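In: Whatever this is, show me its structure:
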Amino acid sequence: MRSLQSRFILTSVIAVTICLGIAGAALLHIFAESYSSRVQKELTGHINRLAAVIRFAPGGAIEAPEGGLADNRSLLPYGGLYWQIDDPASSRELRSPSLFDYALPLPRDAHPVGVMHQYRLPGPEGRDVLVQERVLALNAPEGVRAVRIAVAVDAEEVDTARAAFALDILPYVAVLAALLVLMSIGQLWIGLRPLERIGRDLEAIRDRRANRLAGTYPREIQPLVDRLNRLLESQTEIMEKARGRASDLAHGLKTPLTVLTNNALTLRDKGEIEMADELDHLADAMLSHVEHELARARITPSPEQRSGDADVARIIRETIHMLQHTEAGERLIWRSDVPDDMTVPLDPHDFRELAGNLLENAAKWARAEVVVTATKTDDGFELKIEDDGPGAAPERLADLPRRGLRLDLIKPGSGLGLAIVSEIASVYGLKLTLDNREEGGFRARVASHDPASQ
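Out: Next up is the predicted model:
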């Protein structure tokens, strides 16, 4: 079970069940003890009443108490209330009418006079009885004589009362359990709200609407918030340093490559054509690699680390305006259909790099017109850039995003534009589609897509 809330609720249910079970058992025990105490007091009263009405015949024989007990249960066969008097001196045993043909199997051990004893013994008709007995010293004609008096009541009476009490309190215990669980859930909901707020703040950081966890948190959670903020700051600093070092390294390599190119020119002037060509080839390859790494260093490492969302209309408009002042772009007709309020979850620099390379590529090959379309879709957005140029050979379309690939060496360029676009699309999980238009020309599409559909 991975949910903290589910664990807490399950723990609460188990704890409440155990606690209320123990409490219910304790209440049941208290009730049973109280009821048993009442029964014992009742039996003690019966013993005292029997002792008060016992008589001895002139010869010393014990006589049955006149009237017995006032309770009718002692008069009916197996009525539920029983008494029995044992006179060891005369070996005579007197029993209540309710015992009928049954004798209580009292223990035959000796008892001190006046001490009360309680038992649970088999009774008439196979039912247990609760027995209370006492040995009393009574005045007989020949002197003081010890007489054993026992009074019993059906144990079923106590058992039934205990079961009825348990059934009576069960609904209340269930309601109390439900209330306690609901209170625990409410306590959990209130207690976890700061964690939900952390989740929302982290989501805002991921969406670049914030760069740290702000606000005041409970004292127990504040240390976690402080550590997360330090981690975010440290991560940002490390990434900036890494990108800076990659950029510095690439810039540092450009100077030696320039010297190498100049050396190739010197060799060419001296007639070392073959060696000069080889140096030019090496310099071009290394320069292409350096420029590619410079472009990669400028790309945001992940969507969560972008500086904000890109304003599509503004970036497209500024890029077209810049290209209109180039030799390739000033002769073209630029058509743009982009909503003014459209933003996309890409770093503004990355989107400018992506759109700029696609627009520059379109301007390079277009004959008369470039069309830019941006739309919002169910999955996010789609950017489409079309030109009316010659297009590309169908068999070469899949190779276009490769670094350094140039289909026409006459046209200026490094062959890195589409490769950079492909890398930016990969970072943000975008789908890059390159194809030829049916009416002629080339089309590049960049769109959000559902990763589950791949």
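In: which other helices and strands contact the host helix or strand of Val371?
Out: Element membership for Val371, per DSSP states H and E: strand 369-376. Strand 369-376 is packed against helix 312-323, strand 333-337, helix 348-365, strand 381-387, with contacts defined by 3 or more Cβ pairs under 8 Å, 6 or more residues apart in numbering; DSSP states H and E. Where C-beta positions appear, they are placed from N, C-alpha and C, glycine not excepted.
In: make it 10 Å
Out: The elements that strand 369-376 packs onto, with contact taken as 3 or more Cβ pairs under 10 Å, 6 or more residues apart in numbering; DSSP states H and E, are helix 312-323, strand 333-337, strand 343-344, helix 348-365, strand 381-387, strand 442-448.
In: Mind checking the ones you listed for the one nearest to Gln132?
Out: Checking the helices and strands packed on strand 369-376 against Gln132 by Cβ to Cβ gives strand 442-448 as the closest, at 87.4 Å.
In: pLDDT below threshold where in the stretch 351-454 of the chain?
Out: By pLDDT under 70, the low-scoring segments of the stretch 351-454 of the chain are 402-416, 449-454.
In: ugh, wrong one, I meant the stretch 201-350 of the chain
Out: 205-209, 239, 242-243, 246-247, 249-251, 253-254, 285, 287-298.
In: Show me where the stretch 1-150 of the chain has its helices.
Out: 4-53 (DSSP state H, counting those that start in this stretch).
In: which SSE is Glu237 in?
Out: Secondary structure assignment for Glu237, by DSSP H and E: helix 222-269.
In: from the chain's centre, how far out does that helix sit?
Out: The chain centroid and the centroid of helix 222-269 are separated by 41 Å under Cα atoms, centre = their mean, to the nearest Å.
In: cool, and stretch 323-338?
Out: Distance of stretch 323-338 from its chain centroid, counting by Cα atoms, centre = their mean, is 53 Å.
In: end to end, how far does that stretch reach?
Out: Terminal residues of stretch 323-338 lie 17 Å apart, using Cα to Cα, to the nearest Å.
In: which residues of the stretch 51-200 of the chain fall in strands?
Out: Ranges of strands in the stretch 51-200 of the chain, per DSSP state E, counting those that start in this stretch, are 55-56, 62-63, 81-87, 92-95, 116-122, 128-140, 143-154.
In: looking at the ones you listed, which is buried most?
Out: Comparing the strands of the stretch 51-200 of the chain by mean neighbour count (mean count of other Cβ atoms under 10 Å), strand 81-87 comes out on top with a mean of 23.
In: For Ala398, grab the count of nearby residues.
Out: Neighbour count for Ala398, taken as other Cβ atoms under 10 Å: 9.
In: now Leu323, nearest residue through space, not along the chain?
Out: Setting aside the residues directly before and after it, Leu323 is nearest to Gly329 in space (Cβ to Cβ, 6 or more residues apart in numbering), at 3.7 Å.
In: before we move on, the earlier item: tell me which of the helices and strands packed on strand 369-376 sits nearest to Leu94.
Out: Among the helices and strands packed on strand 369-376, strand 442-448 sits nearest to Leu94 (Cβ to Cβ), with 101.5 Å.
In: Paired strands for that closest one, with orientation please.
Out: strand 381-387 (antiparallel), strand 430-436 (antiparallel) (DSSP bridges).
In: Can you check what angle separates the first one from strand 333-337?
Out: In this case it means strand 381-387. Counting by axes from the mean of the first three to the mean of the last three Cα atoms, to 10 degrees, strand 381-387 points 160 degrees away from the direction of strand 333-337.
In: and Arg367, which of the three is it?
Out: Classification of Arg367 using DSSP: H, G, I helix; E, B strand; the rest coil returns coil.
In: quick one on the thing from earlier: lowest average confidence across the strands of the stretch 51-200 of the chain, which one?
Out: Mean pLDDT is lowest for strand 62-63 among these, at a mean of 79.
In: Can you give the strand pairings for that strand, parallel or anti for each?
Out: The pairing partners recorded for strand 62-63 under DSSP bridges are strand 55-56 (antiparallel).
In: which residues sit against the strand it pairs with?
Out: The contact list for strand 55-56, computed with Cβ atoms under 10 Å, 6 or more residues apart in numbering, reads 61-66, 87, 90, 138-142, 145, 147.
In: Ser74 against His46, yeah?
Out: Yes: counting by Cβ atoms under 10 Å, Ser74 touches His46, with 8.2 Å between them.
In: what's the overlap in contacts for those two?
Out: 68, 81-83, 96, 151-153.
In: Would you format these as CSV with distance to Arg193 included?
Out: Output for the shared contacts of Ser74 and His46, formatted as CSV (distance: Cβ to Cβ, whole Å):
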residue, distance to Arg193
Gly68, 73
Leu81, 64
Tyr82, 67
Trp83, 69
Ser96, 71
Val151, 65
Ala152, 64
Val153, 60
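In: Just give me the closest of the residues you listed to Ile18.
Out: Set against Ile18, the nearest of the shared contacts of Ser74 and His46 by Cβ to Cβ is Val153 (35.2 Å).
In: any idea how far that closest one lies from Val144?
Out: Using Cβ to Cβ, to the nearest Å, we find Val153 at a distance of 30 Å from Val144.
In: could you give the angle of the strand holding Val371 to helix 348-365?
Out: Calculated by the same axes, to 10 degrees, strand 369-376 forms an angle of 150 degrees with helix 348-365.
In: Contact partners for the nearest residue to Arg95 once chain neighbours are set aside?
Out: The spatial neighbour of Arg95 that comes closest, neighbours along the chain excluded (Cβ to Cβ, 6+ apart), is Gln84 at 5.0 Å. By Cβ under 10 Å, 6+ apart, Gln84 lies in contact with 50, 93-96, 99, 102-104, 106, 131, 133, 148-152.
In: Test my guess that Ala150 contacts Gly123.
Out: No: contact criterion Cβ under 10 Å: Ala150 and Gly123 do not qualify, at 11.6 Å.
In: can you list the domain ranges for this structure.
Out: Per automatic domain parsing, the domain ranges recorded for the chain read 6-160, 229-298, 306-453.
In: would you turn these into TSV with distance to Leu176?
Out: Formatted as TSV, those follow (distance: least, Cβ to Cβ, whole Å):
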stretch	distance to Leu176
domain 6-160	6
domain 229-298	44
domain 306-453	47
